[in-house]
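Colleague: Predicted coordinates and the sequence they were generated for:
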Amino acid sequence: MSAVSADHTDIDLTIHDRRLSAVRASLRIPILASTGAGPTALAAFDAALLSGGIANYNLVRLSSVIPPATVIDASAVASSIKPGGWGDRLYCVFARQDATTRGDEAWAGISWVQDPETGAGLFVEHEGSSEAHVRRDLAASIDALCRNRGISGLVAQSRVIGTICETEPVCALVMAPYQTAGWD
């Protein structure tokens, strides 16, 4: 399996964090990107979850609204999510793409925009068989979501990762985990 990382961010996160500190950030969302391989697409997805440090949770997929007072950590590593127990819920936005045929590519990505004063924003997620396809869809979707809400002047950021199927199925995964919750 060959992992291909293609991360690009377009604004200075330090400036964003400094502005947001005025409204007291109450939520920090890391953006995690990983790949995995296995004997089936499901096993490859599990390997990508393990590689990203986000396995052993029940994933609860969210729509793409970023709450106010949120800081997005685009340079996050797996250890940056709040720990939870085995089988806890993990509320998240994610993009996942599998490739099962030798030579095929799997690409996944998330883009986001945020108001630098409030931290409120939007995520979009896309997956596909080429980096260009994913980046085009991310840009088109984030532009449309902003336009639909009358939002302008925000610079989109993205995190995209890809991998190539060489011998066994592969998975590309980008995740924005909001928080974990037990089952009380």
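Modeller: Cool, the structure landed. Note that the structure is a prediction, hence the values are computed from the model and not measured.
Colleague: Just name whatever secondary elements the helix or strand hosting residue 174 is in contact with.
Modeller: Taking DSSP states H and E as the criterion, the element that holds residue 174 is strand 170-181. Helices and strands touching strand 170-181, as assessed by 3 or more Cβ pairs under 8 Å, 6 or more residues apart in numbering; DSSP states H and E, comprise strand 27-30, strand 32-37, helix 41-51, strand 89-99, strand 105-114, strand 121-128, strand 157-164. Backbone N, C-alpha and C define where each C-beta goes, glycine included.
Colleague: if we go to 6 Å?
Modeller: With contacts taken as 3 or more Cβ pairs under 6 Å, 6 or more residues apart in numbering; DSSP states H and E, strand 170-181 sits against strand 32-37, helix 41-51, strand 89-99, strand 105-114, strand 157-164.
Colleague: Ok, which of the ones you listed comes nearest residue 148?
Modeller: strand 105-114 (12.6 Å; Cβ to Cβ).
Colleague: Specify the angle between the closest one and strand 170-181 in degrees.
Modeller: 40 degrees (axes from the mean of the first three to the mean of the last three Cα atoms, to 10 degrees).
Colleague: Pairing partners for strand 105-114, with directions?
Modeller: When pairs are called by DSSP bridges, strand 105-114 turns out to pair with strand 121-128 (antiparallel), strand 157-164 (antiparallel).
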